[in-house]
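J.: Prediction below, plus the sequence it came from.
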Amino acid sequence: MRRVVVTGLGATTPLGGDVASTWSALLAGESGISTLTQSWVQQYEIPVTFAGQAKVLASEVLTPQEAKRLDPSSQFALIAARQAWEDAGSPEVEPERLAVDFATGIGGVWTLLDAFDTLKERGPRRVLPMTVPMLMPNGPAAAIGMDLGARAGVRTAVSACASGNESIANAFHRIQTGEADVVVCGGAEAAIHPLPISAFAAMHALSKRNEDPTKASRPYDTDRDGFVMGEGAGALVLETLESAQARGAKIYCEIVGGSVTSDAYHITAPDPEGSGAARAVLAALSQAGASVTDVEHVNAHATSTPVGDIAEYTAIKRVFGDHTGELIVSATKAATGHLLGGAGAIEAIFTILALKEQLAPPTINLDNQDPAIELNVPRVPTKLSRPNAVAISNSFGFGGHNAVLAFRNL
């Protein structure tokens, strides 16, 4: 199996329009959550009036023509991918050896629902001819593939909130097995729309702290009451260690594990025993050739839901046992909100930077930690002490999807 490294990162998030600004805001303990001011909030009497909106509008980065032909999810994806590609030094690679594996959880929901409104109000002749290419879930991956000229395959993982991690895991294995030499991977989401917000609120999944949005996402806190919607994208460039060293590329770290399992338990609720999630962690560590005591840092899925946070803790405890107390755990959705299909990609970037800088990001809004969740969750940036340790990033999604990534410094 070929060794795989990370050579490029890109992002646009509720905390910043690129990786540097996002990471800086995260370390500073800032919140990217804000009140929604769109007219549709009052028009439809939306019960949740806040979200993690992208800090930098896509229209400020893309050309008008690009924005017009892409759903917002694809806009974010293209922005993040271009950043990652530039950060990697725009590697010279044969198009037939360059692939894209880019995820989304929901896809072009804005395009789909806007087109349906147009159909109802103005008739079929006014529906835009680009509607289907814009709404299809593989739109973000296709946009990146065409932009970079990738011909080794363009794929899309759609596995709810595990999508971003699954995409990165798929990319990792494609390079390991020789299908491609370089893969641009990650995830994007743009679902801050009245219908998804109303639907998530109806299932009591969202926090309803309308009067205090920056404090709404509270992973592991006794007062947590649901997750906060977020939007944006994260992108990584993965390539073989051999090619990265040959071209003198900057190397962030090595990706050493990427595993996918499923609960087969419930369409929305996680397995309370955490067995599927635990198997995903153990599989990622097995691929890495690592033991549980080799892990120092965990970027947790930690959505701030009463049931989900407990289930993840159960899985962590199941895997790490007595070593659980030695882990330094970050729950970064407290600052970004939950980017759904883009969450795993953003959090993979946070995990990689934590390794590179040997600094775990803080978890904000954790005022009263749930006594049933006995994890070391720092409220301030915290130094890591084992440069050769493994760091993992967890993502879990509706449908019982579990995807876990493992990284290690070279």
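T.: Arrived safely.
J.: domains of the protein?
T.: 4-246, 258-408 (automatic domain parsing).
J.: Per-residue pLDDT of residue 1, please?
T.: In this model, residue 1 is scored at 85, pLDDT.
J.: That one reaches residue 178, doesn't it?
T.: No - with contacts counted by C-beta atoms under 8 Å, residue 1 stays clear of residue 178, the gap being 9.2 Å. (Glycine included, C-beta is placed from N, CA and C.)
J.: Save the domains of the chain as TSV, and put in mean pLDDT too.
T.: Shown next, in TSV, are the domains of the chain (pLDDT from 0 to 100):
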stretch	mean pLDDT
domain 4-246	98
domain 258-408	98
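J.: mind putting the ones you listed in JSON lines, distance to residue 252 included?
T.: Below are the domains of the chain laid out as JSON lines (distance: least, C-beta to C-beta, whole Å):
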{"stretch": "domain 4-246", "distance to residue 252": "4"}
{"stretch": "domain 258-408", "distance to residue 252": "5"}
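J.: could the ones you listed go into a markdown table alongside mean neighbour count?
T.: Output for the domains of the chain, formatted as a markdown table (neighbours: other C-beta atoms under 10 Å):
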| stretch | mean neighbour count |
| --- | --- |
| domain 4-246 | 21 |
| domain 258-408 | 22 |
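J.: Quick check: the spatially closest residue to residue 251 that is not a sequence neighbour vs residue 88, distance?
T.: Spatial nearest neighbour of residue 251, excluding adjacent residues (C-beta to C-beta, 6 or more residues apart in numbering): residue 5 at 4.9 Å. Look at residue 5 and residue 88: by C-beta to C-beta, to the nearest Å, they are 10 Å apart.
J.: which residues are in contact with both of these two?
T.: Here residue 5 and residue 88 share the contacting residues residue 239, scored by C-beta atoms under 8 Å, 6 or more residues apart in numbering.
J.: Mind jotting down where the helices sit in the chain?
T.: Applying DSSP state H to the chain gives helices spanning 19-27, 39-43, 64-68, 72-87, 109-122, 131-135, 139-148, 163-176, 194-202, 241-246, 275-288, 306-320, 333-336, 343-357.
J.: To residue 224, which of those lies closest?
T.: Among these, helix 306-320 comes nearest to residue 224, with 6.2 Å by C-beta to C-beta.
J.: residues making contact with that closest one?
T.: By C-beta under 8 Å, 6+ apart, helix 306-320 touches 219-220, 224-225, 269-275, 277-278, 281-282, 292, 295, 298, 300-303, 324, 327, 329, 370, 372-375, 394, 396.
J.: where's it relative to the chain centroid, distance-wise?
T.: 19 Å (C-alpha atoms, centre = their mean, to the nearest Å).
J.: hey, C-alpha coordinates of that helix in PDB?
T.: The C-alpha coordinates for helix 306-320 follow below in PDB (Å, rounded to 0.1, in the frame of the first residue of the first chain):
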ATOM      1  CA  PRO A 306     -28.800  15.300  24.000                       C
ATOM      2  CA  VAL A 307     -28.800  11.700  22.600                       C
ATOM      3  CA  GLY A 308     -25.900  12.000  20.100                       C
ATOM      4  CA  ASP A 309     -23.300  13.300  22.400                       C
ATOM      5  CA  ILE A 310     -23.900  10.500  24.900                       C
ATOM      6  CA  ALA A 311     -23.800   7.900  22.100                       C
ATOM      7  CA  GLU A 312     -20.400   9.100  20.900                       C
ATOM      8  CA  TYR A 313     -19.000   9.200  24.400                       C
ATOM      9  CA  THR A 314     -20.100   5.600  24.800                       C
ATOM     10  CA  ALA A 315     -18.300   4.600  21.600                       C
ATOM     11  CA  ILE A 316     -15.200   6.500  22.700                       C
ATOM     12  CA  LYS A 317     -15.200   4.800  26.100                       C
ATOM     13  CA  ARG A 318     -15.800   1.500  24.400                       C
ATOM     14  CA  VAL A 319     -12.700   1.800  22.300                       C
ATOM     15  CA  PHE A 320     -10.300   3.600  24.600                       C
END
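J.: Also compute the angle for that helix relative to helix 275-288, please.
T.: Angle, helix 306-320 to helix 275-288, by axes from the mean of the first three to the mean of the last three C-alpha atoms, to 10 degrees: 40 degrees.
J.: Relative to residue 13, how far out is the spatially closest residue to residue 70 that is not a sequence neighbour?
T.: Excluding the flanking residues, the one nearest residue 70 by C-beta to C-beta, 6+ apart is residue 143, at 5.9 Å. To residue 13, residue 143 is 19 Å away according to C-beta to C-beta.
J.: ok, now residue 309?
T.: Using C-beta to C-beta, residue 309 is found at 22 Å from residue 13.
J.: Likewise for residue 391?
T.: Taking C-beta to C-beta, one finds residue 391 at 20 Å from residue 13.
J.: Please apply the same query to residue 148.
T.: 22 Å.
J.: so what's the backbone phi/psi at the closest residue in space to residue 52 that isn't next to it in sequence?
T.: Sequence neighbours aside, residue 337 is the residue nearest to residue 52 in space, at 2.8 Å (criterion: C-beta to C-beta, 6+ apart). For residue 337, the backbone dihedrals (degrees, to the nearest 10) come out as phi 80, psi -170.
J.: Could you pull up the residues touching residue 337?
T.: Each residue near residue 337 by C-beta under 8 Å, 6+ apart is listed here: 14, 32-33, 51-52, 217, 227-230.
J.: got TSV for those residues, with distance to residue 97 too?
T.: Formatted as TSV, the contacts of residue 337 follow (distance: C-beta to C-beta, whole Å):
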residue	distance to residue 97
14	35
32	37
33	41
51	39
52	36
217	40
227	39
228	40
229	37
230	34
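J.: In this structure residue 340 contacts residue 189, no?
T.: Yes - between residue 340 and residue 189 there is a contact under C-beta under 8 Å: 4.4 Å.
J.: quick revisit: what bridges to the residue nearest to residue 251?
T.: With DSSP bridges as the criterion, residue 5 is bridged to residue 239, residue 254.
J.: thought it was touching residue 243?
T.: No - with contact defined as C-beta under 8 Å, residue 5 and residue 243 do not form a contacting pair (9.0 Å).
J.: Next up, the contacts around residue 273.
T.: Taking C-beta under 8 Å, 6+ apart, we find residue 273 in contact with 314, 318.
J.: distance of residue 295 from residue 164?
T.: Distance of residue 295 to residue 164, computed by C-beta to C-beta: 20 Å.
J.: What of residue 322?
T.: Here the criterion is C-beta to C-beta. By it, residue 322 lies 31 Å from residue 164.
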